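Novice: What follows is a protein structure lacking sequence information:
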Ligand SMILES: Cc1ncc(COP(=O)(O)OP(=O)(O)O)c(N)n1
Ligand SMILES: Cc1ncsc1CCOP(=O)(O)O
Ligand SMILES: [Mg+2]
């Protein structure tokens, strides 16, 4: 089943000065229509409570809400899907568990893993990175740089491909010119002096 996938994925993160809820509220108000709740530090009970609040905000603003990794919670909360970060996991079995209606995102870090993911045909989009160094997540994968995305033009990439990892606002235009589908950003928005205006600027650069 073909799903709507946004060209801009805003990821919340653990911050000392703002909750995930405040981050999502800010992003929705600034026009973000796709929120990925990326919280890997809470218990299921805490996650469910927070996701329920996020779902109300996203519903009010008409934004898609995706959770990172915790697919076992999908039947307990009202979200549109899940992004699975672990590339070694059995995505086909996750798809079988969550059903066809939920959006399933997955990650790839090089052309080989991207093409395998595409061939598997169970994910709705692919997060592809890391583009550059990021402090948001410990990363041991080679940085792709702009060239890593330009190289994709030699391949038949049909799955919506979302660049991720260390993307700054000033990178968005050039990245989009490589032919990718969209971008995912966390810290370039969250660590900006004016996160709402960062979201708006990214949208202008994408569209
Ligand atoms: C949209 C989107 N893309 C990718 C990720 C996670 O990616 P990454 O950190 O590269 O995953 P692994 O390296 O752990 O496979 C995400 N959360 N959202
Ligand atoms: C999930 C994930 N994987 C690599 S970076 C990242 C989150 C987004 O990172 P950034 O803060 O660099 O935009
Ligand atoms: Mg990675």
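Specialist: All right, it came through fine. Values in this document were obtained by computation on a predicted structure and should not be read as measured data. Numbers count the residues shown, from 1 in each chain. Ligands and ions are numbered 1, 2, ... in the order given.
Novice: From the chain's centroid, how far away is stretch 155-172?
Specialist: Stretch 155-172 sits 10 Å away from the centroid of its parent chain (C-alpha atoms, centre = their mean, to the nearest Å).
Novice: tell me the mean pLDDT for it?
Specialist: Taken as a whole, stretch 155-172 has a mean pLDDT of 98.
Novice: doesn't residue 55 fall inside a strand?
Specialist: No: using DSSP: H, G, I helix; E, B strand; the rest coil, the assignment for residue 55 is helix, not a strand.
Novice: so the closest residue to it other than its chain neighbours, which of the three states?
Specialist: Take residue 55 and drop its neighbours on the chain: the residue closest to it by C-beta to C-beta, 6 or more residues apart in numbering is residue 78, 4.5 Å away. Backbone N, C-alpha and C define where each C-beta goes, glycine included. Using three-state DSSP, the structure places residue 78 in coil.
Novice: Identify the residues contacting residue 78.
Specialist: Counting by C-beta atoms under 8 Å, 6 or more residues apart in numbering, residue 78 touches 52, 55, 59.
Novice: Separate out the buried members of these.
Specialist: residue 55 (16 or more other C-beta atoms under 10 Å).
Novice: How many neighbouring residues does residue 4 have?
Specialist: As a burial measure, residue 4 scores 11 neighbours (other C-beta atoms under 10 Å).
Novice: Could you tell me how many residues sit around residue 143?
Specialist: 15.
Novice: Please look at it and residue 110 and confirm they touch.
Specialist: No: when contacts are counted by C-beta atoms under 8 Å, residue 143 is not listed as touching residue 110 (11.4 Å).
Novice: Can you name the helix or strand that the residue in the chain that ligand 1 sits nearest to falls in?
Specialist: Of the chain, the residue with the smallest distance to ligand 1, taken as C-beta to the nearest ligand atom, is residue 127 at 1.7 Å. For residue 127, the element it lies in under DSSP states H and E is strand 125-128.
Novice: quick one: contacts for the closest residue to residue 185 other than its chain neighbours?
Specialist: Nearest non-adjacent residue to residue 185, counting by C-beta to C-beta, 6+ apart: residue 167, 5.3 Å away. The neighbourhood of residue 167, defined by C-beta under 8 Å, 6+ apart, consists of 131-132, 175, 183-185, 188.
Novice: got the contact list for the helix or strand containing residue 97?
Specialist: Using DSSP H and E, the element containing residue 97 is helix 91-98. Residues outside helix 91-98 that contact it (C-beta under 8 Å, 6+ apart): 71, 74, 81-82, 84, 104, 106, 117, 120, 122-123.
Novice: Residue 151 and residue 83, how far apart?
Specialist: Computed as C-beta to C-beta, to the nearest Å, the residue 151 to residue 83 distance reads 23 Å.
Novice: no, scratch that, I was asking about residue 3
Specialist: Here residue 3 is placed at a distance of 13 Å from residue 83 (C-beta to C-beta).
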